[in-house]
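A.B. asks: Sharing a sequence plus its predicted fold:
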Amino acid sequence: SESTSISPFLANSGRTPRAMVWEDPKPTEYPGVRTFLQRMKNAAMTAHDALIGARVKQTREANKKRRPCPFVKGDLVYVSTKN
């Protein structure tokens, strides 16, 4: 994640997963493996698309409430250091 700079998988398991190879040119003697990988690929793509859709929706909603900045270049402003 952006906050921790490590993946959730690494945080949970202590290791980085191996990359999945989607386009293996050689046929496999285990057809169930190909079916399983295709389902995993579809699930990953669906999750990715859902995340992008959620990001777009959240951005659109957040932008509805934004106001234009009242400051212009050259204005003097006070900045709080309290956090």
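C.D. replies: On my side now, so go ahead. Numbering: from 1, shown residues only.
A.B. asks: quick one: the residue nearest the centre of the chain from Phe71, how far?
C.D. replies: In the chain, the C-alpha closest to the average C-alpha coordinate belongs to Leu51, at a distance of 6.4 Å (Cα atoms, centre = their mean). Relative to Phe71, Leu51 is positioned 34 Å away (criterion: Cβ to Cβ, to the nearest Å). (Glycine included, C-beta is placed from N, CA and C.)
A.B. asks: Ala44 now?
C.D. replies: Counting by Cβ to Cβ, the gap between Ala44 and Phe71 amounts to 44 Å.
A.B. asks: Mind checking which of the two has more residues around it?
C.D. replies: Taking neighbours as other Cβ atoms under 10 Å, Ala44 and Phe71 compare with Ala44 leading, 12 against 9.
A.B. asks: Tell me the secondary structure at that one.
C.D. replies: Following DSSP: H, G, I helix; E, B strand; the rest coil, the label given to Ala44 is helix.
A.B. asks: Phi first, then psi, for the residue nearest to the centre of the chain.
C.D. replies: phi -60, psi -40 (degrees, to the nearest 10).
A.B. asks: list the contacts for it?
C.D. replies: The contact partners of Leu51, by Cβ atoms under 8 Å, 6 or more residues apart in numbering, come to none.
A.B. asks: All set now, cheers.
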